[in-house]
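> pasting the sequence and the predicted model now:
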Amino acid sequence: MLVADLINEDRCSKEIAVAVWKLKFDDSLRKVSKAESVVRSAKGKVMLVSARGGVVPKDVALAEAMAVCEEVLNAKSADLWPLVVETDCLTVVNLLKKQSLL
């Protein structure tokens with residue numbers, strides 16, 4: 001969903017949550033990754049914070065897609081919806097578009 005679409009909907013009075021996912025990988029030392037996410041309101045208020053570590057798939061795009069899906073579910077269960085997702089992984093963006101999630 002695009003921000004322009006949200007402005008035209010009845011939900012525009014609700015705060016729009018913005019999620020930023022950042023994945024850090026340290027494959028050379030311990031085969032461990034760290035996924036962090038922050039969900040903020042349109043006014044910048046922190047609404048939800050999550051951090052997770054563990055062994056992940058070797059495919060970076062798959063690991064990021066898994067983290068994004070998990071955090072979208074967390075945001076939705078916390079009623080932080082509609083949600084704008086920011087990621088620098090084009091593969092994840094294309095996957096979300098293909099699934100009609102964006």
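Structure's in. What do you need?

> only C-alpha atoms from now on, for both contacts and neighbour counts.
Will do.

> the helix ranked longest in the chain - contacts with which helices or strands?
Here the longest helix in the chain is taken by residue count, with DSSP state H as the criterion, and it is helix 60-77. Where contact means 3 or more Cα pairs under 8 Å, 6 or more residues apart in numbering; DSSP states H and E, helix 60-77 is packed against strand 17-26, strand 32-40, helix 90-98.

> so for the second one, mean pLDDT?
Model confidence over strand 32-40, given as mean pLDDT, is 73.

> put the alpha carbons of the helix or strand following it into CSV.
Secondary structure here is assigned by DSSP states H and E; on that basis, the next helix or strand after strand 32-40 toward the C-terminus is strand 46-54. Extracted as CSV, the C-alpha positions of strand 46-54 are listed here (Å, rounded to 0.1, in the frame of the first residue of the first chain):
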residue,chain,number,x,y,z
VAL,A,46,8.6,4.2,19.0
MET,A,47,5.8,1.7,18.9
LEU,A,48,7.5,-1.7,18.7
VAL,A,49,11.1,-2.8,18.9
SER,A,50,12.3,-6.3,18.1
ALA,A,51,15.7,-8.0,18.0
ARG,A,52,16.5,-11.6,17.2
GLY,A,53,19.6,-13.6,16.7
GLY,A,54,20.4,-17.1,15.5
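
> and strand 46-54, what's buried?
For strand 46-54, the neighbour count (16 or more other Cα atoms under 10 Å) marks residue 48 as buried.

> before I go, just wanted to say thanks for your time.
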